[in-house]
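Q: Pasting the sequence and the predicted coordinates here, then a few questions.
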Amino acid sequence: MDIRTAITTLLKDGFILVFNQDKLDIVRTAEALLAAGISNMEVTCRIKQPLEKLSRLRKQLPDFVAGAASLIDWPGMLKVYNAAHADDPLPTLQQVVDAGAAYLVSAVNLSDAGLARFAGKVPMIPGCGTATEIVSQYSKGANLCKVFPAKELGGPAFVKAVDPAIHKTISLVPTGGTTASNIPDYIGAGVLVLGGSFSMIEKATLARIVDEQDYKLLSKELAVVKQLIDRLRREKYPGLDFGSASLEQISRTTGRDFNVG
């Protein structure tokens with residue numbers, strides 16, 4: 001899958017689900033997302049056997065835009081962690097790409113070496129906590145920048161405050177503490193794509209989904225998030241149809257650049 005297709009899909013969806021539930025089937029979850037109108041999902045490497053699950057997802061749903069997340073793109077840290085978790089080590093960027101990852105996400109900055117190797121080939125979404133980190137990572141090839149942990153950094157207020165410092169040019173993806181109640185404020189602050197985990201779903205409902213393996217209910221809950229984001233983006237950008245617009249059209253209308261030549 002080429003980089004433009006993957007980024008366009010993220011922008012079309014407006015939402016990235018963080019798949020961090022070992023008790024849910026990864027393929028059936030992706031199918032629930034598709035039924036809700038969402039064509040992507042990030043597979044966190046904090047789950048068990050992420051490479052195997054990512055490979056199975058890509059094999060069974062080849063057109064689904066599956067990303068890999070919670071990546072540690074720093075050899076020293078990776079070496080220490082994997083020595084202590086030899087039975088289920090964290091994969092490298094190359095390993096998740098080989099397994100079929102269509103985009104790469106980290107909670108922290110990506111290394112210069114990782115950006116040099118994959119920027120321009122695979123969408124890169126590093127975790128950032130300051131305006132300097134956002135601009136630095138973007139200047140090295142990042143396509144979007146993840147604001148994490150968004151809630152602890154200040155939520156929509158942080159995004160709104162930092163946006164002038166990045167000249168409202170870089171597209172931010174707040175992740176961590178995203179809820180139906182703060183999505184309007186994030187969209188209002190200029191966010192095009194939000195990240196969120198299953199914690200967005202009410203606890204009792206999620207427990208039912210997991211216990212009963214009710215993927216129709218999961219799809220229904222995810223559709224509510226998708227419809228909210230779609231409505232809010234239509235209101236903010238009335239002349240822009242994210243479902244059919246090109247990267248260039250989205251960039252011209254929103255003022256955001258996605259670092260794709």
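A: Thanks, I have it. Residues are numbered from 1 along each chain as shown.

Q: biggest helix in the protein by residues?
A: Secondary structure assigned by DSSP state H gives helix 215-236 as the longest helix of the chain.

Q: Just the buried residues of that helix, please?
A: Residues 215, 217-219, 221-223, 225-226, 228-230, 232-233, 236 are the ones in helix 215-236 that count as buried (16 or more other Cβ atoms under 10 Å). The way it works is simple: take the backbone N, C-alpha and C, and place the C-beta from them, glycine included.

Q: Check stretch 119-129 too.
A: 119, 122, 123, 124, 125, 126, 127, 128, 129.

Q: Residues in contact with that stretch: which ones?
A: Residues from elsewhere that reach stretch 119-129 (Cβ atoms under 8 Å, 6 or more residues apart in numbering): 3, 6-7, 10, 67, 97, 101-110, 114-115, 118, 133-134, 137, 140-148, 153, 173, 259-261.

Q: Restricted to helices, list those.
A: 3, 6, 7, 10, 97, 114, 115, 118, 133, 134, 137, 153.

Q: Turn the residues you listed into a markdown table, including neighbour count and pLDDT.
A: Shown next, in a markdown table, are those (neighbours: other Cβ atoms under 10 Å; pLDDT from 0 to 100):
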| residue | neighbour count | pLDDT |
| --- | --- | --- |
| 3 | 22 | 98 |
| 6 | 20 | 98 |
| 7 | 24 | 98 |
| 10 | 27 | 98 |
| 97 | 19 | 98 |
| 114 | 23 | 98 |
| 115 | 21 | 98 |
| 118 | 20 | 98 |
| 133 | 17 | 98 |
| 134 | 25 | 98 |
| 137 | 27 | 98 |
| 153 | 19 | 97 |
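
Q: Closest one of those to residue 48?
A: Closest to residue 48 out of the ones in helices among the contacts of stretch 119-129 is residue 97 (20.1 Å), distances taken as Cβ to Cβ.

Q: how about the strands in this structure?
A: Taking DSSP state E to define them, one finds strands in the chain at 15-19, 40-44, 65-69, 104-105, 124-125, 127-128, 145-147, 172-174, 194-196.

Q: for those strands, which one sits closest to residue 250?
A: Among the strands of the chain, if distance is taken as Cβ to Cβ, the winner is strand 172-174, at 14.4 Å.

Q: Direction included, what does the closest one pair against?
A: When sheet partners are counted by DSSP bridges, strand 172-174 sits next to strand 145-147 (parallel).

Q: what about the partner strand, average pLDDT?
A: On average, the pLDDT along strand 145-147 is 98.

Q: List the buried residues in that strand.
A: For strand 145-147, by 16+ other Cβ under 10 Å, it's 145, 146, 147.

Q: would you list these in JSON lines and tack on distance to residue 254?
A: Below are those laid out as JSON lines (distance: Cβ to Cβ, whole Å):
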{"residue": "145", "distance to residue 254": "15"}
{"residue": "146", "distance to residue 254": "18"}
{"residue": "147", "distance to residue 254": "17"}
